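sequence below, structure please.
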Amino acid sequence: MSPFENQALQEEHQAAECEHVIWLEDIGRWRSEHRRAAAMLAQAQAALLEQDAALESHAEAVRSHEMQVQRALREGDGSDMSHDSSEAARRDDQAQHDHARTAHERLKQHHDMITTEIKRVTEKLLEPM
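Predicted coordinates:
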């Protein structure tokens, strides 16, 4: 092997060693980022479980309101109440229903956004590297 070939080989090895150092630094940083990402996923899972409890609370409020409506229908037209009282009760029921509608729309939008993002992230994670 000529001195020129030996020098070229040494330079190749030295360049490879430099790349290896950079690659190992990258891998160390990526591992640290993966640990942080795993911690964030655990936080996201806990938040998702909390949101499930909020969904159940909303479902209970809807069921309760439905029972109130059904009870009012069974009790008749409210002829034993004064007109002012029955009108006030109707306005209260409508206000509760409007509040529930607003909450439902807010929950729906949030749910759609969250599930779409989780699906997108999951699909990305499952793609081959």
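
tell me who's in contact with E5.
For E5, the contact set (CB atoms under 8 Å, 6 or more residues apart in numbering) is empty. C-beta coordinates here come from the backbone N, C-alpha and C atoms, glycine included.

per-residue pLDDT, the residue positioned nearest the centre of the chain?
In the chain, the C-alpha nearest the mean C-alpha coordinate belongs to I114, at 3.4 Å (CA atoms, centre = their mean). pLDDT for I114: 96.

go through this protein and flag its longest helix.
helix 3-74 (DSSP state H).

what angle separates the next helix or strand after that one from helix 3-74?
Going down the chain from helix 3-74, the next helix or strand is helix 83-126, by DSSP states H and E. Taking axes from the mean of the first three to the mean of the last three CA atoms, to 10 degrees, one finds helix 83-126 and helix 3-74 inclined to each other by 160 degrees.

other SSEs contacting helix 83-126?
For helix 83-126, the packing partners by 3 or more CB pairs under 8 Å, 6 or more residues apart in numbering; DSSP states H and E come out as helix 3-74.

how about 6 Å then?
Applying 3 or more CB pairs under 6 Å, 6 or more residues apart in numbering; DSSP states H and E, one finds that helix 83-126 makes contact with no other helix or strand.

so where is this protein shaky, pLDDT-wise?
Counting by pLDDT under 70, the chain has low-confidence residues at 76-83.

contact partners for D52?
For D52, the contact set (CB atoms under 6 Å, 6 or more residues apart in numbering) is empty.
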